[in-house]
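[1] whatever this is, show me its structure:
(3 chains)
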Amino acid sequence: MTAVTASTPSSPFGRAWRTVRLLTTNPWTVIGWPLVILGAIFVMTWTIWWLIFASVDPADLTETADGIRFNGAVSYIFVYMLVISVQAVNLAFPLALGFGSTRRAFSLGSGLAFVLLSAAYAVVLTIGAWLEELTDGWGLHGAFFRTFYLATDAGWLAQWWIYFCWFVFFFFTGTIFAAMYVRWKALGLTAAFVALGVLVVATIAVLTLTATWHLFWEALAELGTIGIASAALVPAVLAAVVGYLVLRRATPRG
Amino acid sequence: MSTVIRVDGLSKTYGAGSGAVHAVSEATFELAENRIYGLLGRNGAGKTTLMQLLTGQEFATRGTISVFGEQPVENARVLERVCFIKESQRYPDDFRVKHVLKSAPWFFANWDAAFADELVERFRVPANRRMKKLSRGQLSAVGVIVGLASRAPLTFFDEPYLGLDAVARQLFYDVLLADYAEHPRTVVLSTHLIDEVSNLLEHVLVIDDGRIIIDADADELRGSAVDVVGARSAVEAFTAGREVLHRASLGGLATATVAGLDDAGRAAAREAGLELAPVSLQQLVIRTTTLGDAEPENGEPA
Amino acid sequence: MDDSRPIFLQIAEQLEDDIVAGRLPEETQVPSTNELAAYLRINPATAGKGVNLLVDQGILYKKRGIGMFVADGARARLVAQRRDRFREQYLAPLLTEAERLGITPAQLAAMIEEAGR
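    Predicted structure coming up:
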């Protein structure tokens, strides 16, 4: 007879790391499918470009090349990560607690997982951007990775930083809505959306009533893609902190 | 024998004012190490809320909880030794059975992977199926497998048999007994189907409407109450001055469930021409937990 | 297992039955607590309580590190005990029921005589 005994206590990092592993238990969800879908969208986008170029008058080629710099295909992957973070908090959280995790370890671990995934996917997109430049827009002057709202001329590290910031932004924005849902169910989610709506409408109202839209656009232009991406870290960090505070008193329910 | 759980004046109230729901009211009890406990009660009696409080998933309104000598909320030292897969446990959408079994060992230091694999085979759980696609019984089996293979020093089983067929339930009871014998640990079995598990339990807590109404050794309860059956007048005469848990009558015939009848009392009943019938743990719990309801004077027989 | 009495008493009685019937001869090993628990599907602590009851009465004895054994003279003692209880346990209810049915003690004796043949 060997009585079940307490094992050596784990470290705080070890406990957070379990959550990182829990969120990546099924590698297809966080690595496999996003890459497959990214590849598929890329092939489709490239095919469409090719068809456009094949049917366009050679005289209008420059204008067309400008036009395809505005496509938003790559942005799907950011939205996908938002969905992942919502799922993580909504469904992995109750399981982690069933497995004896603390809310603190879960929050730290999921934050760590999101930062690591952001860094890794930013590397993937940066490599894509590098190849895009190397091949002169995949042979068609196209912009899949270096769309106008993401591209920078400040070097590859800066390019990586832009992607990284946006991934972090989408991951943590997802967590706060999921945390509201876990804690207060539909009511919490509705409240979060209403709050967000009020914020957006209020901003628009202020800009419109004070006739300062031009200042807004000037500020964005001033910030540039690097500045805007970096600024997105502010709401991301805020969402992470508030998300933890919400989750800290949340109870998983069936 | 050391104490694993100590609960004092524990209450959990949802809402406030007249609409407040008292899920757990003034619960006070202790659970000793390495025993199998039954947490018995009707659906909605407060079993799950109580277990959520004990595992730090829910926050107490009043009172204190000590698990392994410390309060459990956000306490890794306590929670690392606890396994609580709820009956309504939810899993990530992308999880298959194999992912649950892959991730569980990261959280449970005593996890026995070979044992888990053996159980998957014996319970015939399809390891590659998505958790969302499992039948109720297969879902229960996964919870049972995690609970057993985790070998957590404090393991909760929440209505573990839901959807399991008779063979699988028996398998669970057999494996639990065998593994518990080899690896003693504190087990809390929450259930409203009492007869099937009553022989497995060493101690019983009965919760009704949020209150702990019975806290006794299972063997002490067994035979602690007896049905006295006979002519209505004779039953009434016999039960006068005795503690009656439940009465039922049909025409001139009456049944009374009498608590704490000793040998002399039994002899006296036989003397008075009354029949004595045993009351199972399940019947005892049913009769105790419906005590607050209207007394069925001319009601249906039990 | 029936519901009228504590299980540990029923375990003890079952072992006694086995000893009286000769299924567990003196100086043989009785099943371990865990074996009993698994076989009868009961809590091991309850099985242990039943076994210990017989140890306390000297029916079983413990060999350190090996297990429980039936004591010398256990069967004779159990038979004597049961004879003492026979009247109260079997005769009394028999007579009560006979009286209820209007069977006189003489008729009962005749019935027993006949059944014994």
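
[2] thought B:Arg136 was touching B:Pro160?
    No - the pair B:Arg136 and B:Pro160 fails to qualify as a contact (C-beta atoms under 8 Å) at a distance of 11.8 Å. C-betas here are computed from N, CA, C, even on glycine.

[3] and the residue positioned nearest the centre of chain B, what are its bridge partners?
    Nearest to the geometric centre of chain B sits B:Leu39, at 2.5 Å (C-alpha atoms, centre = their mean). Beta-bridge partners of B:Leu39, counted by DSSP bridges, are B:Ser190, B:Leu205.

[4] what spatial separation is found between it and B:Asp195?
    B:Leu39 sits 16 Å away from B:Asp195, going by C-beta to C-beta, to the nearest Å.

[5] what does chain B put close to chain C?
    Within reach of chain C by C-beta under 8 Å from any C-beta of the partner chain, chain B has these residues: B:35-36, B:173-174, B:177-178, B:180-182, B:199-202, B:218-220, B:222-223, B:226, B:270, B:273, B:278-281.

[6] let's see 6 Å
    Residues of chain B found near chain C, taking C-beta under 6 Å from any C-beta of the partner chain as the criterion, are B:36, B:177-178, B:181, B:199-200, B:202, B:219, B:222-223, B:278, B:280.

[7] shaky segments in the stretch 151-300 of chain B?
    Filtered on pLDDT under 70, the stretch 151-300 of chain B yields the residue ranges B:290-300.

[8] most proximal residue of it with respect to chain A?
    Distances from the stretch 151-300 of chain B to chain A, computed as C-beta to the nearest C-beta, single out B:Arg185 as the nearest residue at 4.2 Å.

[9] tell me, how many neighbours does that residue end up with?
    Under the neighbour criterion other C-beta atoms under 10 Å in any protein chain shown, B:Arg185 is assigned a count of 23.

[10] using the three-state scheme, assign B:Asp215.
    strand (DSSP: H, G, I helix; E, B strand; the rest coil).

[11] and it, bridged to which residues?
    Applying DSSP bridges, one finds that B:Asp215 bridges with B:Leu205.

[12] tally of neighbours for B:Val142?
    Burial of B:Val142 is recorded as 25 neighbouring residues (other C-beta under 10 Å).

[13] what helix or strand does it sit in?
    helix B:136-150 (DSSP states H and E).

[14] what's the angle from the helix or strand just after that helix to helix B:136-150?
    Tracing the chain C-terminally past helix B:136-150 and defining elements by DSSP H and E, one meets strand B:154-158 next. For strand B:154-158 against helix B:136-150, the angle between stretch directions is 170 degrees (axes from the mean of the first three to the mean of the last three C-alpha atoms, to 10 degrees).

[15] you'd agree A:Gly100 is up against B:Glu80?
    Yes - the pair A:Gly100 and B:Glu80 passes the contact test of C-beta atoms under 6 Å, sitting 5.5 Å apart.

[16] all helices of the stretch 1-150 of chain A, in order?
    Defined through DSSP state H, counting those that start in this stretch, the helices belonging to the stretch 1-150 of chain A, from first to last, are A:12-23, A:27, A:33-55, A:61-67, A:75-87, A:93-98, A:103-134.

[17] for the residue nearest to A:Thr19 when sequence neighbours are not counted, what are its contacts?
    Ranked by C-beta to C-beta, 6 or more residues apart in numbering or on different chains and with sequence neighbours excluded, the top spatial neighbour of A:Thr19 is A:Gly109, at 2.4 Å. Remark: with contacts taken as C-beta atoms under 6 Å, 6 or more residues apart in numbering or on different chains, A:Gly109 is in contact with A:16, A:19-20.
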